[in-house]
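# What would the 3D arrangement of this be:
(one chain, ligands or ions: 4)
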Amino acid sequence: MSQSIQFSSPSHTPHLLHLPHSQFNRPLSSISFRRFPLTTIKYTSIRASSSPSPSPDLDSSSSSSSSQVLLSPNGTGAVKSDERSVVATAVTTDTSGIEVDTVTEAELKENGFRSTRRTKLICTIGPATCGFEQLEALAVGGMNVARLNMCHGTRDWHRGVIRSVRRLNEEKGFAVAIMMDTEGSEIHMGDLGGEASAKAEDGEVWTFTVRAFDSSRPERTISVSYDGFAEDVRVGDELLVDGGMVRFEVIEKIGPDVKCLCTDPGLLLPRANLTFWRDGSLVRERNAMLPTISSKDWLDIDFGIAEGVDFIAVSFVKSAEVINHLKSYLAARSRGGEIGVIAKIESIDSLTNLEEIILASDGAMVARGDLGAQIPLEQVPAAQQRIVQVCRALNKPVIVASQLLESMIEYPTPTRAEVADVSEAVRQRSDALMLSGESAMGQFPDKALTVLRTVSLRIERWWREEKRHESVPLQAIGSSFSDKISEEICNSAAKMANNLGVDAVFVYTTSGHMASLVSRCRPDCPIFAFTTTTSVRRRLNLQWGLIPFRLSFSDDMESNLNKTFSLLKSRGMIKSGDLVIAVSDMLQSIQVMNVP
Ligand SMILES: Nc1ncnc2c1ncn2[C@@H]1O[C@H](COP(=O)(O)OP(=O)(O)O)[C@@H](O)[C@H]1O
Ligand SMILES: C=C(OP(=O)(O)O)C(=O)O
Ligand SMILES: [K+]
Ligand SMILES: [Mg+2]
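Ligands and ions are numbered 1, 2, ... in the order given. I've put the predicted structure just below:
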């Protein structure tokens, strides 16, 4: 038997209360069935109530699916190494209509709902991880999103990776999303003529030049991407490579060549970012002249649209304007709202305009690599906390990125300080953590991912054991009345979930919005998000606590629940007696019930 609260309007005939049904007639503990008063609130529109059968996703991964197909996500929890052997196959059973990746299935069966990982994991794909088997190992290890940094590699190379990830999703039932990260027009070094790195020693004089090389790179010479470089720098400026990992002082300018003395030695990596400082401040005039999205970036964006990426992360965002521009560009060229725009917060301007940028975006990234080159390092932790809080308040997913496990590029074990940094990001309840060089070109990509996964799980459990339910009041964000109702429903459902100790919140959502509202509350239990399209399912894979499933459903909640229970039960992913709260954005309702 279920207990429900429902909101309805005169223009919409709700399915009233969910009366006991043959499938729901287990008494809910000792509480006798009682109808909650039906709250009738007048408003003109109920989102999605008029479109109970959303158009099917055109994505190839869904084309073979029947209307009953239910897909479960990957990487929601820990994967023991001995499970890897069983993980390889997607299970498709025509009779039951279920398709599910065995990682999630095994996880839910063995450890129950509580053990699922809430913090999402992003891996930058590079030479160390671009093969199909390597990508599969990452998916099995918990990768929710694969990031492609357009600063590196050719479009053909990126296309190969995108197609491999898509194939992995189709063949193994994963829901790994793809995030394309733009190069941006910031100044960076050339590609070192094919060398993996170059060592700059203390006291050496190097030449930074805008000249192109005909053949191989002359010794101690670095090409620079920006034509105005030699004109803009001055003798005495400090040149920071890769956010200060290596430092030089400008000592002489000779036409297109700039002679620089190495003051902090280190490894120069291909296409590393360059910033310059004068009298203790970042030189920014030059940046203001350059477009946030360069002409090369626009071509990459067209490529991303054509290849169907799920997110575009925009480097060096300065204002909301560029985000709005890109969003209208995408709306005109890709199927409605299918590509999420992530603002990378990595410049002083982006901090100044933080709220408006985040409001305009579909999410943000704390891009600590470049941010740490633009503001003093000791200010980065406070900036991180502020960005995470603003994203939470405005209900946008937030990614903490760069150097989380930097030492694991070379070593199989992280430093204690790195573990503490990962823990802090998890404790701040950020949606996702990101690996960069650790997974792109490091020696231990799978181990680095395992560290993120195990540390996330442990810190999340610790949080729950300490019963640190969120006491932070969440500001109201909905603009329409219908949105406000959805928000109140999700806030209440999350609170009820914590107070009643339910096993899971089920959310039925066509656009994904309702699921993100539940995620925003960071409830104690996992959130099963049922959505009708594979593209929404993949995008939800970036958000905290959401286990996104694809399922075709109607606006009849009782039949949706029946269908979900029987599909999940038949695969052993839930069991009779589990306590569930269900919310839906078609019928704005909250129901509490035991799984029959
Ligand atoms: N697609 C790629 N091809 C080759 N190398 C890559 C690729 N993506 C990332 N890398 C390597 O991984 C390093 C870390 O990645 P990332 O942090 O995304 O780039 P960056 O250091 O340029 O900001 C890069 O410096 C580069 O050496
Ligand atoms: C994630 C970042 O951007 P990129 O790796 O593209 O420089 C960063 O600067 O931290
Ligand atoms: K980039
Ligand atoms: Mg950056």
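# which residues of the stretch 201-350 of the chain fall in strands?
Here the stretch 201-350 of the chain has its strands, by DSSP state E, counting those that start in this stretch, at 205-209, 221-223, 238-241, 246-254, 257-264, 266-268, 274-278, 281-282, 311-314, 340-345.
# got a pLDDT number for whatever residue of the stretch 251-400 of the chain ends up closest to ligand 3?
Nearest residue of the stretch 251-400 of the chain to ligand 3: Ser315, at 4.6 Å (Cβ to the ion). Just so you know, the C-beta spots here come from the backbone N, C-alpha and C atoms, and that holds for glycine as well. Listed pLDDT for Ser315 reads 96.
# Pull the number of nearby residues for it.
With neighbours defined by other Cβ atoms under 10 Å, the count for Ser315 comes to 25.
# Spatially nearest residue to Ile323 (excluding sequence neighbours)?
Nearest residue to Ile323 in three dimensions, chain neighbours excluded: Ala360, at 4.2 Å (Cβ to Cβ, 6 or more residues apart in numbering).
# ok, the one you found - how many residues close by?
21.
# Moving C-terminal from the helix or strand containing Ala146, which element do we reach first?
Ala146 is part of strand 145-149 when elements are defined by DSSP states H and E. Of the helices and strands lying after strand 145-149 in sequence (DSSP H and E), the nearest is helix 155-172.
# what about that next one, average pLDDT?
For helix 155-172, mean pLDDT is 96.
# which helices and strands does the host helix or strand of Glu418 pack with?
Element membership for Glu418, per DSSP H and E: helix 416-427. If you count contacts as 3 or more Cβ pairs under 8 Å, 6 or more residues apart in numbering; DSSP states H and E, helix 416-427 packs onto helix 380-393, strand 432-435, helix 445-465.
# Go again with 10 Å.
If contacts are counted by 3 or more Cβ pairs under 10 Å, 6 or more residues apart in numbering; DSSP states H and E, helix 416-427 sits against helix 380-393, strand 398-401, strand 432-435, helix 445-465.
# The second one pairs with which strands, parallel or anti?
Applying DSSP bridges, strand 398-401 is found paired with strand 363-367 (parallel), strand 432-435 (parallel).
# Identify whichever of the ones you listed lies nearest to ligand 4.
With Cβ to the ion as the measure, strand 363-367 is the member of those nearest ligand 4 (4.6 Å).
# Next, see if the closest one gets close to ligand 1.
No: Strand 363-367 lies apart from ligand 1 when judged by Cβ under 6 Å from any ligand atom; the minimum separation is 8.6 Å.
# Are that strand and ligand 2 in contact anywhere?
Yes: Strand 363-367 lies within reach of ligand 2 by Cβ under 6 Å from any ligand atom, at Ala367.
# My read is that Met573 contacts Asn111, right?
No: the pair Met573 and Asn111 fails to qualify as a contact (Cβ atoms under 10 Å) at a distance of 11.6 Å.
# who has more neighbours, these two?
Comparing Met573 with Asn111 by other Cβ under 10 Å, the one with more neighbours is Met573, at 23 against 13.
# where's the more buried one relative to Ile312, distance?
Distance of Met573 to Ile312, given as Cβ to Cβ, to the nearest Å: 33 Å.
# Ok, Phe303 next?
Relative to Ile312, Phe303 is positioned 11 Å away (Cβ to Cβ).
# what's the overlap in contacts for those two?
Shared contacts of Phe303 and Ile312, defined by Cβ atoms under 10 Å, 6 or more residues apart in numbering, comprise 150, 180.
# In terms of neighbours, single out the busier of those two.
Legend: neighbour count by other Cβ under 10 Å for Phe303 and Ile312, higher for Ile312 (25 against 16).
# what sits against the closest residue to the more buried one other than its chain neighbours?
For Ile312, ignoring the flanking residues on the chain, the nearest one in space by Cβ to Cβ, 6+ apart is Met180 at 5.2 Å. Going by Cβ under 10 Å, 6+ apart, Met180 touches 146-150, 158, 162, 297, 300-301, 303-305, 307, 309-314, 339, 342.
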